[in-house]
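*Asks:* please work out how this folds:
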Amino acid sequence: MSMKMGWRWYGEGNDPITLGDIKQIPGVEEIVWALHSKMPGEIWEEAEIKYSEALLLIFWYFSTNTKYSISFCCTS
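*Replies:* Numbers count the residues shown, from 1 in each chain. Next up, the predicted model:
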């Protein structure tokens, strides 16, 4: 398995770097993100994860021709 280049993104309003900025970085194939409105130990609802994933996938799909994946991490 080969390594992927990813970028940690803190989300709209939490990060001065936009998804548009990230897509311009050569080689980035992965966005690592968390639900930052959740407190540590708070349960992530499946609908919240799917909604966030859909937003990121729609943006990435329509803004770049590269392969992509999204990883949600459980700590902020």
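*Asks:* which stretches of the chain form helices?
*Replies:* Using DSSP state H, the helices of the chain run over residues 19-23, 46-63.
*Asks:* the shortest one: which residues count as buried?
*Replies:* Buried positions in helix 19-23, judged by neighbour count with 16 or more other C-beta atoms under 10 Å: 19, 22, 23. Using the backbone N, CA and C atoms, a C-beta is placed for each residue, glycine as well.
*Asks:* in the chain, where is pLDDT below threshold?
*Replies:* Residue ranges of the chain with pLDDT under 70: 60-76.
*Asks:* winner for burial among the helices of the chain?
*Replies:* Most buried of those, by mean neighbour count (mean count of other C-beta atoms under 10 Å): helix 19-23, with a mean of 15.
*Asks:* who are the packing partners of it?
*Replies:* With contacts taken as 3 or more C-beta pairs under 8 Å, 6 or more residues apart in numbering; DSSP states H and E, helix 19-23 sits against strand 28-33, helix 46-63.
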